[in-house]
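> the sequence and its predicted three-dimensional model are supplied below.
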Amino acid sequence: MAPTLHSDLDHPSAGVVPIAAEARVGIDLYWLPLGAGGNFVRLNGRIYEAIMARLDRRPVFDLYHSALQVFVPEGRYTIEQTPVIDGHGQQRGVVAEGPVGARWAGRFRVFRYEMRRWRDGVIPDIGEAVDSPRRLSDDLADARRLLELVPQIPIVTWGRDELRTGEMWNSNSIIAWLIARTGFDVDSITPPPGGRAPGWNAGEVVAARERAAAPRLGVPEPGTSTVSPKSGGATRPARSAGFRPEKSS
């Protein structure tokens, strides 16, 4: 199945979450328990983790799904990979779609995921987030850079290792890729204590490959700063302004 790309029309959601003054510019990371709000997904996740723990001969961990909120002067954006729920993705800021499980299966909606860059959007079950939000940056250039990167995510099959990273590709892979490509040290970001984020390393590996290839291709790369979840942000070198949303009418 060929990747499906969409334009970002910046449709706001019906319910807008108020933005605190101190959070008007920056990037926040959320850790959501896998299957929050849905017993079926949660049960499957626990079975998967129990099998993997037994195979790896390690303790069983809680599994987490990651998402972002990005604040720029024009508004708040939610960044998340989710299943495709209908054919009205533009209303949710969908910028790309990809297959789940197998490329041939992507012709059916139930086997596709969507990537959202949703202005005034909603992260389902955000109330169940653990040790969140974690402020990654207070820098406007970081926020614009990350928003600019969302439509450029690798479109590969969810649940498979097509990029040969040693780990399946999923929603955590995309969030890790975005954070790394924005210029942060992903190794300094970890799930809540006792938790694990399957797929996170895959995104980090692919981003590292792209950074290594950039000098050979003559592509400028942003500087890299260490992210501390407890810090107020990271110092940044100057760079392009990045993503600037169209003004809503």
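Received, thanks.

> C-alpha from now on. contacts and neighbour counts both.
OK.

> list the contacts of residue 68.
Each residue near residue 68 by C-alpha atoms under 8 Å, 6 or more residues apart in numbering is listed here: 27-30, 78-80, 175.

> which members of those residues define the maximum pairwise distance?
Greatest spacing in these, by C-alpha to C-alpha: 27 and 80 (13.1 Å).

> list just the nearest of the contacts of residue 68 to residue 187.
The closest of those, once distances to residue 187 are taken by C-alpha to C-alpha, is residue 175, at 13.1 Å.

> using CSV, list the CA coordinates for stretch 95-113.
Output in CSV follows, covering the C-alpha atoms of stretch 95-113 (Å, rounded to 0.1, in the frame of the first residue of the first chain):
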residue,chain,number,x,y,z
VAL,A,95,-1.1,14.4,7.9
ALA,A,96,-0.3,10.7,7.0
GLU,A,97,-1.6,7.2,7.1
GLY,A,98,0.1,3.8,7.0
PRO,A,99,-0.7,0.0,7.1
VAL,A,100,-1.0,-2.1,10.2
GLY,A,101,0.4,-5.7,10.3
ALA,A,102,1.0,-6.0,6.5
ARG,A,103,1.2,-3.6,3.6
TRP,A,104,-1.5,-5.4,1.7
ALA,A,105,-3.9,-5.1,4.6
GLY,A,106,-3.7,-1.3,4.5
ARG,A,107,-6.3,-1.2,1.8
PHE,A,108,-8.8,-1.8,4.5
ARG,A,109,-9.5,1.0,7.0
VAL,A,110,-9.4,-1.3,10.0
PHE,A,111,-5.8,-2.1,9.2
ARG,A,112,-4.5,1.5,8.9
TYR,A,113,-3.1,4.0,11.3
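
> buried residues in it?
Buried residues in stretch 95-113, counted by 16 or more other C-alpha atoms under 10 Å: 95-100, 102-103, 106, 109, 111-113.

> and stretch 72-90, by the same measure?
Judged by neighbour count (16+ other C-alpha under 10 Å), stretch 72-90 contains these buried residues: 72, 76-84, 89-90.

> which one is residue 135 nearest to, not counting chain neighbours?
Spatial nearest neighbour of residue 135, chain neighbours left out: residue 28 (4.5 Å); criterion: C-alpha to C-alpha, 6 or more residues apart in numbering.

> now the strands for the protein?
4-5, 26-33, 62-72, 75-83, 94-99, 112-119, 134-137, 184-185, 195-196, 225-226 (DSSP state E).

> what angle sits between the third one and strand 26-33?
On the basis of axes from the mean of the first three to the mean of the last three C-alpha atoms, to 10 degrees, strand 62-72 is oriented at 160 degrees to strand 26-33.
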